[in-house]
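A.B. asks: Attaching a predicted model along with its sequence, questions to come.
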Amino acid sequence: MALANPVHAFPATREHDDMIRLEGGMFRMGSERFYPEEQPVHRVRVDPFRIDRAPVTNAQFAHFVEATGYVTFAEIPPRAEDYPGALPDMLHPGSLVFVQPPGPVPMQIDRWWRFVLGADWRHPTGPGSDLDGLDDHPVVHVTASDAEAYATWAGKRLPTEAEWEFAARGGLDHTEYAWGDFLEPAGHFMANYWQGRFPYENTAQDGYERTSPVGSYPANGYGLVDVIGNTWEWTSDWYRASHAAEVQKACCVPANPRGGSMEHSHDPRAAGPAIPRRVLKGGSHLCAVNYCQRYRPAARYPHPIDTSTSHIGFRCVADIAPEASS
């Protein structure tokens with residue numbers, strides 16, 4: 001079981017508000033083994049920052065909504081002028097929900113995703129569903145703007161992709177998973193991902209068909225839980241199709257790098273309006289060995305900022321003042 005390759009000593013300190021203080025430093029970002037968008041592996045530096053120990057839960061998001069009266073994107077009817085050509089009966093509040101096919105289907109996402117009218121963070125699988133027993137599960141059906149609204153209210157912000165990956169690695173440099181180089185060390189499930197043949201066979205060997213309570217799996221080396229699997233997490237970076245090239249001199253390693261630009265982040269192949277995309281990190285309970293092996297710190301995925309789903313959540317970070325980091 002490979003649990004080696006530690007990064008240079010980057011202490012992590014538990015904060016009083018359930019955040020973890022990370023001292024930052026240099027690490028190798030990306031992977032050469034899985035998907036092209038994760039390449040090339042390159043060194044970057046990040047400054048000290050604080051990060052939520054766990055994704056924001058339904059109970060925490062409910063407190064935010066109660067305090068502010070905030071209404072999420074999925075609860076607001078889409079405007080016809082924003083979506084030219086949209087069918088009138090689709091211009092109602094709703095969100096994307098994973099619907100498991102009864103048998104094998106072509107591996108195309110429209111075979112298992114459905115836009116369900118009435119689905120939102122309070123009704124995760126649509127009308128008739130609720131949050132009973134899900135207070136400690138990560139909130140879902142939140143767009144990038146919903147996540148940012150919560151972060152602003154909490155006096156925090158969304159992490160950059162580099163900050164998120166640094167934190168997710170937990171002090172292990174260049175291992176494939178947040179806990180080492182093997183997906184299931186000694187046969188143990190280390191995160192909530194799909195068991196069985198996706199998308200039609202979910203054996204739920206880990207005990208969960210959808211999301212799981214935060215902290216149901218071991219924390220990483222920094223004490224963070226659910227950085228892998230359970231739900232994808234929004235970052236503040238605009239998507240670009242690959243990482244910047246590795247620099248040759250240690251003096252020139254990028255510090256606190258950011259992603260691409262908003263205007264170039266949209267999918268050029270998509271029909272309809274050009275919707276900017278942010279980077280998602282961490283994978284979800286729908287990632288599987290036979291499909292979307294993105295339950296890894298290096299994994300990254302582009303997602304439109306106006307689209308909420310039943311498998312995307314978020315966690316927040318906070319800056320540390322220079323005088324507080326000395």
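C.D. replies: That came in fine, so what should we check first? Residues are numbered from 1 along each chain as shown.
A.B. asks: contacts, neighbours, all on C-alpha from now
C.D. replies: OK.
A.B. asks: what helix or strand is the residue nearest to P55 when sequence neighbours are not counted on?
C.D. replies: Once flanking residues are discounted, P55 sits nearest to R315: 4.4 Å by Cα to Cα, 6 or more residues apart in numbering. For R315, there is no enclosing helix or strand under DSSP states H and E.
A.B. asks: who are the neighbours in contact with the nearest residue to I76 once chain neighbours are set aside?
C.D. replies: In space, and not counting its chain neighbours, I76 is closest to P93: 5.2 Å by Cα to Cα, 6+ apart. By Cα atoms under 8 Å, 6 or more residues apart in numbering, the contact set of P93 is 74-78, 117-119.
A.B. asks: What is the burial count for the residue nearest to P55?
C.D. replies: Counted with other Cα atoms under 10 Å, residues neighbouring R315 total 26.
A.B. asks: surely it meets T57?
C.D. replies: No. Contact criterion Cα atoms under 8 Å: R315 and T57 do not qualify, at 9.1 Å.
A.B. asks: What's the local residue count around D206?
C.D. replies: Counted with other Cα under 10 Å, D206 comes out at 16.
A.B. asks: in the stretch 1-150 of the chain, which ranges drop under the pLDDT threshold?
C.D. replies: Within the stretch 1-150 of the chain, the segments meeting pLDDT under 70 span 1-16.
A.B. asks: got the residue ranges for the strands in it?
C.D. replies: 12-14, 19-22, 25-29, 42-46, 49-52, 94-98, 113-117 (DSSP state E, counting those that start in this stretch).
A.B. asks: Can you tell me which of these is nearest to T143?
C.D. replies: T143 lies closest to strand 94-98 among these, at 9.9 Å (Cα to Cα).
A.B. asks: Can you tell me what sits against that closest one?
C.D. replies: So strand 94-98 is contacted by 74-75, 77, 112-120, 124-126, 141, 307-310 (Cα under 8 Å, 6+ apart).
A.B. asks: Repeat the analysis, applying 10 Å as the threshold.
C.D. replies: 73-78, 109-121, 123-127, 141-143, 199, 210, 286, 307-311 (Cα atoms under 10 Å, 6 or more residues apart in numbering).
A.B. asks: Greatest separation within the contacts of P93: which pair is it?
C.D. replies: P78 and A119 (13.7 Å).
A.B. asks: Those two - which one has more neighbours?
C.D. replies: Applying other Cα under 10 Å to P78 and A119 shows that A119 carries more neighbours, namely 26 against 16.
A.B. asks: give me phi/psi at that one?
C.D. replies: In terms of degrees, to the nearest 10, the main-chain angles of A119 are phi -80, psi 130.
A.B. asks: quick one: contacts for it?
C.D. replies: Going by Cα under 10 Å, 6+ apart, the list of residues near A119 reads 74-75, 93-97, 125-130, 141, 308-310.
A.B. asks: cool, G260 as well?
C.D. replies: Neighbouring residues of G260 by Cα under 10 Å, 6+ apart: 237-244, 277-279.
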